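Peer 1: Kindly return the folded structure for what I paste below:
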Amino acid sequence: MPLAFTDPATLDHDALEEGRLFAPRFDATGLITAIAIDATDNAVLMVAHMNAEALSLTLETGEVHYWSRSRNSLWKKGETSGEIQRLVEIRTDCDQDALLVTVHQTGRGAACHTGRRTCFYRRVEGSALIDTGEPRLFDPKTVYRTQ
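Peer 2: Numbering: from 1, shown residues only. As a prediction, the model looks like this:
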């Protein structure tokens, strides 16, 4: 049975920002932004989204689940690649509309579907993207046969 979260509409400003009730503020499409960081060094691994079911499953199982906007479906991180994220903790921001998900990244250590540790492997310089040299830890063409 999925966890039931407090409806943020039932809380006043102070209760939402200073209270002890977890009341995630999902957007109009039912999603909340989730930023995943590595528990070992706080490196930002990825940004994804969760719906209530993904958040509930994450809290219940200790393995991180997301909502895939491109596939329009629930997604257990690492289900295909073996790069599972084990939950360490979840924090919410002040108004509870974003999550910081601290994880132990398993497998080869790649959080990104491109095979890299992080999804943030390019730096913006003006209108150009500069590769930071983040190595691939696996070949996505062999892991994801549909690409």
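Peer 1: Any stretches of the protein with poor pLDDT?
Peer 2: Within the chain, the segments meeting pLDDT under 70 span 1-2, 146-147.
Peer 1: now do 50
Peer 2: Counting by pLDDT under 50, the ranges of the chain that qualify are 147.
Peer 1: show me where it has strands.
Peer 2: Ranges of strands in the chain, per DSSP state E, are 32-38, 44-50, 65-68, 73-76, 85-92, 98-105, 122-125, 128-131.
Peer 1: Redo these as TSV? Include distance to Phe22 and mean neighbour count.
Peer 2: C-beta: built from backbone N, CA, C; applies to glycine. Formatted as TSV, the strands of the chain follow (distance: least, Cβ to Cβ, whole Å; neighbours: other Cβ atoms under 10 Å):
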stretch	distance to Phe22	mean neighbour count
strand 32-38	11	19
strand 44-50	13	20
strand 65-68	17	20
strand 73-76	20	15
strand 85-92	7	16
strand 98-105	10	20
strand 122-125	34	10
strand 128-131	37	9
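Peer 1: right, and those - which one's nearest Leu59?
Peer 2: Nearest to Leu59 among the strands of the chain is strand 85-92 (7.3 Å), distances taken as Cβ to Cβ.
Peer 1: elements contacting that closest one?
Peer 2: Judged by 3 or more Cβ pairs under 8 Å, 6 or more residues apart in numbering; DSSP states H and E, the packing partners of strand 85-92 are helix 52-61, strand 98-105.
Peer 1: Any chance you could give me the longest one in CSV, C-alpha atoms only?
Peer 2: Coordinates of each C-alpha in helix 52-61 appear next as CSV, following Å, rounded to 0.1, in the frame of the first residue of the first chain:
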residue,chain,number,x,y,z
ALA,A,52,3.7,10.1,-5.6
GLU,A,53,4.1,6.4,-6.5
ALA,A,54,7.8,6.7,-7.3
LEU,A,55,8.4,8.7,-4.0
SER,A,56,6.4,6.1,-2.0
LEU,A,57,8.3,3.2,-3.6
THR,A,58,11.6,4.9,-2.9
LEU,A,59,10.8,5.3,0.8
GLU,A,60,9.3,1.8,1.1
THR,A,61,12.0,-0.1,-0.7
